[in-house]
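[1] build me a structure from this.
(one chain, ligands or ions: 1)
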Amino acid sequence: MKIGIVGLGYVGLVTAAVLADRGHYIVGVDIDENKVNGLNCGRIPIYEPGLEELLTKNRDRLHFTARYEELKDVELAFITVSTPTINGKIFLDYVYSAAKSLQVLPKDSIIVVKSTVVPSTSRRVKEISGREVVANPEFLREGSAILDTVRPDRIIIGSENAEAGNIVEELWKFTGSPILRTSLEEAELIKYTANSFLSLKISFINEIANLCEKLPNCDVKTIANAIGMDKRISPYFLDAGLGWGGSCFPKDTQAFVSFARDLGERLRTVEASIEVNNERPKRAVKMLKELMGSIKDKVICVLGIAFKPNTDDTRESVALKIIMQLSEEGAKVIAYDPRAKTDLAEMVSSKEECINRANGVIIVTEWKEFYGIEELLKGKYVVDGRRVLRKELMDKRYFRAIGLST
Ligand code: UGA
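    Predicted coordinates for the structure are as follows:
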C-alpha cells in the first residue's frame with residue numbers, strides 16, 4: 001500500500017519504519033522542515049534502539065516531506081502528531097489541523113488516528129476531513145518501540161465502518177497479535193485506561209515502599225515479588241522507585257482526569273496516582289539530606305537524566321525535578337547519563353568522574369551500566385532511587401534506598 005504518516009515523532013517514525021519494512025511505501029509528513037530534510041539525509045532526530053537501522057534498510061520505500069499535497073494518492077494516512085496537555089487539558093489543535101490538511105486525500109482513503117486522543121476526537125476528525133476514520137491507539141514504550149509495534153500484546157481497531165476497520169486489521173495481521181474490534185470511542189478510552197492503570201500500579205507500590213522505609217526488616221522488592229506471583233496482579237510494573245515520567249503518563253493521566261471532570265465525573269484513583277507521583281522527587285532529596293545532614297555547598301552526583309533507560313528523552317524526567325530541588329537547596333549538582341543531557345546541571349562524561357567528584361550520589365535512572373558499581377561508591381553517601389545496588393554490599397551508615405528499611 002501507499003501510506004501517509006502525519007507527525008514524525010516517536011510513534012510516526014517507528015510506524016513508518018515498521019510498515020516500510022513490511023513492503024509498504026511510506027510518505028511521512030511533518031511541518032518541521034529541518035526534521036524532514038534531516039530524515040531525507042538519514043539523520044534520525046531521536047535515539048531509539050534499532051530505529052536507525054530499520055529506516056536505513058528501507059530507505060527506498062520511505063519519503064519525507066513537509067507538503068501535504070504529496071499525500072494525494074495514498075490509500076491510508078495515519079495521524080501520529082503529538083497531543084500535549086496544556087493547563088491540565090488535552091490540546092487537540094495539531095490533530096484537527098492535520099485532519100483539515102488531510103482533505104487532500106483521495107475521497108475513498110482512510111484516516112487512522114494513532115495519536116493518544118480523548119473519546120470523540122476521532123469522530124471530529126471524520127467530520128473535519130470528510131474521510132472514513134479508524135481509531136488505532138498505540139501501546140509502544142520508548143526504548144522498545146519497534147518490538148512493541150511488531151509484537152504488541154493486542155491491537156485495538158475502533159471503527160464505525162467495518163470495511164475501513166478490515167483494511168487496518170489486514171495491515172497489522174502480520175504481528176500475529178490478538179486484534180480487538182471496538183467502537184471509535186472505546187478505542188480512544190482503552191488507551192487512557194491502560195496508561196492510567198499502569199501509573200496506578202507504580203504509585204501503589206511506591207506507597208508501599210514508603211511503609212517499608214518506616215518498618216524494620218522490610219524490602220519492597222520482596223513484597224512486589226510476592227504479590228506479583230498472584231496472576232490477578234501480575235509481576236510487571238511493580239518496580240518501586242522515583243516514580244513515572246516521560247512523554248506519556250504525566251500528560252495522559254492529567255488529561256484523563258480533566259476529561260472525566262468535564263463529564264461531571266471524578267477519577268479519584270488516577271488523581272491519587274498523580275499526587276503520589278508528584279511527591280517522589282522530594283522524597284529522594286529528603287532521603288539524601290537525612291543521610292548527609294546538610295547538602296548545602298556539597299557536590300551531589302545525579303546518575304541518570306533520561307526518564308528511563310535506553311532513551312535520551314528527558315521529558316517530565318524525575319531527574320530534572322531532583323536536580324532543581326538540589327540546586328535550590330544550595331547543592332552543586334553534577335550529572336552523568338549515557339545518552340541524555342540537561343542544562344540544569346554540569347554534565348560530566350563518565351560515571352566514575354561523576355562519583356569521584358561528589359560527596360553524595362543519587363541514582364535516578366536504572367541504566368544497565370549503573371548495576372554493579374557498589375565498589376565505586378565506597379566512601380560516598382548514596383541514595384539508590386531505582387534499586388540497582390546490592391544492599392548487602394553497601395555500608396548502612398552511608399546508604400539509603402527506596403523501599404528499604406533503614
Ligand atoms: C508508556 C506505556 O508503557 C506505553 O504502553 C504507551 O504506549 C506509552 O506510554 C504511550 O502512551 O505512548 P513509556 O512512557 O515509553 O510508555 O514508558 P514506560 O516504560 O511505560 O515507563 C513510564 C515511566 O514509569 C518511566 O518513568 C519508568 O521509569 C516508570 N516505571 C515503570 C516505574 O517507575 N516502575 C515500573 O515498574 C515501571
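[2] going forward, measure contacts between C-alpha atoms and count neighbours the same way
    Will do.
[3] which bits of the stretch 101-250 of the chain sit near the ligand?
    138-142, 195, 202, 237-241, 243-249 (CA under 6 Å from any ligand atom).
[4] and those, which are buried?
    138-140, 142, 195, 202, 238-241, 243-249 (16 or more other CA atoms under 10 Å).
[5] quick one: list the elements packing against the helix of greatest length in the chain.
    Secondary structure of the chain per DSSP state H: the longest helix is helix 184-214. With contacts taken as 3 or more CA pairs under 8 Å, 6 or more residues apart in numbering; DSSP states H and E, helix 184-214 sits against helix 121-129, strand 132-135, strand 155-159, helix 220-228, helix 249-262, helix 268-292.
[6] make it 6 Å
    Judged by 3 or more CA pairs under 6 Å, 6 or more residues apart in numbering; DSSP states H and E, helix 184-214 is in contact with strand 155-159, helix 268-292.
[7] could you give the angle of it to helix 268-292?
    Here helix 184-214 runs at 30 degrees with respect to helix 268-292, directions being taken by axes from the mean of the first three to the mean of the last three CA atoms, to 10 degrees.
[8] can you point out the buried residues in helix 184-214?
    Buried-residue list, helix 184-214, by 16+ other CA under 10 Å: 184-192, 195-213.
[9] save the helices and strands packed on helix 184-214 as JSON lines, and put in distance to T314 and mean pLDDT too.
    Shown next, in JSON lines, are the helices and strands packed on helix 184-214 (distance: least, CA to CA, whole Å; pLDDT from 0 to 100):
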{"stretch": "strand 155-159", "distance to T314": "28", "mean pLDDT": "98"}
{"stretch": "helix 268-292", "distance to T314": "15", "mean pLDDT": "97"}
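[10] need the next SSE after the helix or strand hosting I167, C-terminal direction.
    Assigned by DSSP states H and E, I167 belongs to helix 162-172. Next helix or strand after helix 162-172 toward the C-terminus (DSSP H and E): strand 179-182.
[11] quick one: strands adjacent to that following strand?
    Strand pairing for strand 179-182, determined by DSSP bridges: strand 155-159 (parallel).
[12] what's in contact with the partner strand?
    V134, A135, N136, G165, I179, L180, R181, T182, S183, L184, A187 (CA atoms under 6 Å, 6 or more residues apart in numbering).
[13] nearest to the ligand among those?
    Nearest to the ligand, judged by CA to the nearest ligand atom, of the contacts of strand 155-159 is N136 at 11.6 Å.
[14] pretty sure that closest one contacts V117?
    No: look at N136 against V117 with CA atoms under 6 Å: they stay out of range, at 10.5 Å.
[15] what about the nearest residue to I179 once chain neighbours are set aside, distance to D219?
    Spatial nearest neighbour of I179, chain neighbours left out: I155 (4.7 Å); criterion: CA to CA, 6 or more residues apart in numbering. Per CA to CA, to the nearest Å, I155 is found 37 Å from D219.
[16] ok, those two, which is more surrounded?
    I155 (23 against 20; other CA atoms under 10 Å).
[17] just the ones of the buried ones among the residues of the stretch 101-250 of the chain next to the ligand in helices?
    Per DSSP H, these map to helices at N195, I202, F249.
[18] what sits against the second one?
    So the one you mean is I202. Per CA under 6 Å, 6+ apart, neighbours of I202: L238.
[19] try 10 Å this time
    Y236, F237, L238, D239, A240, G241, L242, G243, W244, S273, V276, N277 (CA atoms under 10 Å, 6 or more residues apart in numbering).
[20] the second one and A284, how far apart?
    Think F237. Applying CA to CA to F237 and A284 gives a distance of 20 Å.
[21] also L147?
    From L147 to A284 the distance is 33 Å (CA to CA).
[22] which strands or helices does the one helix or strand N356 maps to pack on?
    Secondary structure from DSSP H and E places N356 in helix 351-357. Here helix 351-357 touches strand 299-303, strand 332-336, strand 360-363, going by 3 or more CA pairs under 10 Å, 6 or more residues apart in numbering; DSSP states H and E.
[23] sorry, back to before: more crowded one of L147 and A284?
    A284 (23 against 15).
[24] is that one in contact with G403, as I believe?
    No: contact criterion CA atoms under 10 Å: A284 and G403 do not qualify, at 11.2 Å.
[25] what residues do those two have in common as contacts?
    With contacts defined as CA under 10 Å, 6+ apart, the residues adjacent to both A284 and G403 are G241, D384, G385.
[26] can you list the residues you listed in CSV and add pLDDT?
    Below are those laid out as CSV (pLDDT from 0 to 100):
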residue, pLDDT
G241, 98
D384, 98
G385, 98
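[27] send the alpha carbons of stretch 167-175 over as PDB?
    Extracted in PDB, the C-alpha atoms of stretch 167-175 (Å, rounded to 0.1, in the frame of the first residue of the first chain):
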ATOM      1  CA  ILE A 167      -8.300  -2.700   5.900                       C
ATOM      2  CA  VAL A 168      -6.500  -1.600   9.000                       C
ATOM      3  CA  GLU A 169      -6.800  -5.100  10.500                       C
ATOM      4  CA  GLU A 170      -5.200  -6.500   7.400                       C
ATOM      5  CA  LEU A 171      -2.300  -4.100   7.700                       C
ATOM      6  CA  TRP A 172      -1.400  -5.300  11.200                       C
ATOM      7  CA  LYS A 173      -2.200  -9.000  10.800                       C
ATOM      8  CA  PHE A 174       1.500  -9.800  10.300                       C
ATOM      9  CA  THR A 175       2.100  -9.200  14.000                       C
END
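[28] buried sites along it?
    Here stretch 167-175 shows V168, E169, W172, T175 as buried, counting by 16+ other CA under 10 Å.
[29] one step back: tell me the mean pLDDT for the longest helix of the chain?
    Helix 184-214 carries an average pLDDT of 98.
[30] again with stretch 331-349
    Mean predicted lDDT for stretch 331-349 stands at 97.
[31] how about the nearest residue to R124, chain neighbours excluded?
    Nearest to R124 is Y96, by CA to CA, 6+ apart, at 8.0 Å.
[32] which SS class is the one you found?
    The three-state label given to Y96 by DSSP: H, G, I helix; E, B strand; the rest coil is helix.
[33] that one: how many residues sit nearby?
    20.
[34] quick one, what contacts it?
    With CA under 10 Å, 6+ apart, Y96 has these contacts: I79, V81, L102, T121, S122, R124, V125, K126, I128, S129.
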